[in-house]
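> could you look at this predicted model? Sequence included:
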Amino acid sequence: AGRQAGISLASQPCGGRGANRISNGRPNGRVQGFPATIGSWCKKLKIDYLRLPISSWPVVPKAQILLDAEFSPRPATRGGKNIVTIDYLGIAADEPKRFGQLNDRKRAPLVEFGIEEDLCGLHCQYEGILGPSYETSCRDGCWMCHNQGVNQLRLLRRDYPELWALLLKWDTDSPVSFHPGKRLPDGTYEPGHSVHDFDRRFELEDMGLVPQDRTFLWQMVEDMGLLLGPGYWKEAQ
């Protein structure tokens, strides 16, 4: 039988870090907010867990020991026996740009067996273990992820309004922007955008006032805000 999968509604984003008063993993009375695009603290949470000794992990059947060991970045022991650790990565055969990280200690079974991403998805669907998020999206992961694209955010707002409302609350609490600004190759600066910015954009899309394709410009949202009046967005919220 396949495992049931679904969206988990945590009380706070990414294990609680986004809304907790923390900095560098220790309480200090400050809300840290959304992770940065590079060097994000949410990835550090995963790495910190994987660095724990395997002996501290939950007890599992003997056949599962090697599977557990795959996720430890250093040699480990259990039951007095040394375990050679190997990382198995979910890289498909049609993702050659990701092959560079593979070696004897980092292997990709899908690559070794020549299984492409679509075929893997079809097999999971046949076995009844395909995550429900893949039914409407090509991406899976943390639902509140700051790295997800516009299409994924649009689906989140449409299909899970209660989660979108929670993300809007976190957006208000966060001292940093959901999508931070960045310096472009030509030297100009592209400002970041908040969850509320995306909410306004999607509302205008629903009204047919801005396009959903590549012709969209954030200036359109600003222009429509001026046209609708300064109090429109406040009243809509």
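Looks like it came in fine.
> quick one: residues contacting K106.
Contacts for K106 (C-beta atoms under 8 Å, 6 or more residues apart in numbering) come out as I86, D87, L89. Using the backbone N, CA and C atoms, a C-beta is placed for each residue, glycine as well.
> just the buried residues of those.
D87 (16 or more other C-beta atoms under 10 Å).
> a markdown table for the contacts of K106, including secondary structure and distance to K46?
Formatted as a markdown table, the contacts of K106 follow (DSSP: H, G, I helix; E, B strand; the rest coil; distance: C-beta to C-beta, whole Å):
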| residue | secondary structure | distance to K46 |
| --- | --- | --- |
| I86 | coil | 18 |
| D87 | strand | 13 |
| L89 | coil | 14 |
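> looking at the contacts of K106, which is nearest D171?
Checking those against D171 with C-beta to C-beta, the nearest one is L89 at 32.4 Å.
> so the closest one makes contact with E112?
No. Look at L89 against E112 with C-beta atoms under 8 Å: they stay out of range, at 11.1 Å.
> quick check: which ranges of this structure have low pLDDT?
Applying pLDDT under 70 to the chain flags the ranges 1-30, 49-84, 138-139, 229-237.
> please, where are all the helices along it?
Under the criterion DSSP state H, the chain contains helices at 41-50, 65-69, 109-112, 117-127, 150-159, 161-173, 195-206, 218-228, 232-236.
> deepest of those, which one?
Comparing the helices of the chain on average neighbours per residue, with mean count of other C-beta atoms under 10 Å, the densest one is helix 195-206 at a mean of 19.
> ok, residues contacting it?
For helix 195-206, contacts defined as C-beta under 8 Å, 6+ apart pick out 150, 153-154, 157, 164, 167-168, 170-172, 178, 210-212, 216, 218, 220-221, 224-225, 233, 236.
> hmm, try it at 10 Å
Contacts with helix 195-206, where a contact means C-beta atoms under 10 Å, 6 or more residues apart in numbering, come from 34, 144, 146, 150, 153-154, 156-158, 164-165, 167-172, 174, 177-179, 191, 193-194, 209-212, 216, 218, 220-222, 224-225, 228, 232-233, 236-237.
> count of neighbours near G208?
7 (other C-beta atoms under 10 Å).
> show me the contacts for it.
Contacts of G208 (C-beta under 10 Å, 6+ apart): none.
> distance of it from L163?
G208 is 25 Å from L163, where distance means C-beta to C-beta, to the nearest Å.
> how about S194?
Taking C-beta to C-beta as the measure, S194 falls 16 Å from L163.
> go on, V31?
From V31 over to L163 (counting by C-beta to C-beta), the distance is 20 Å.
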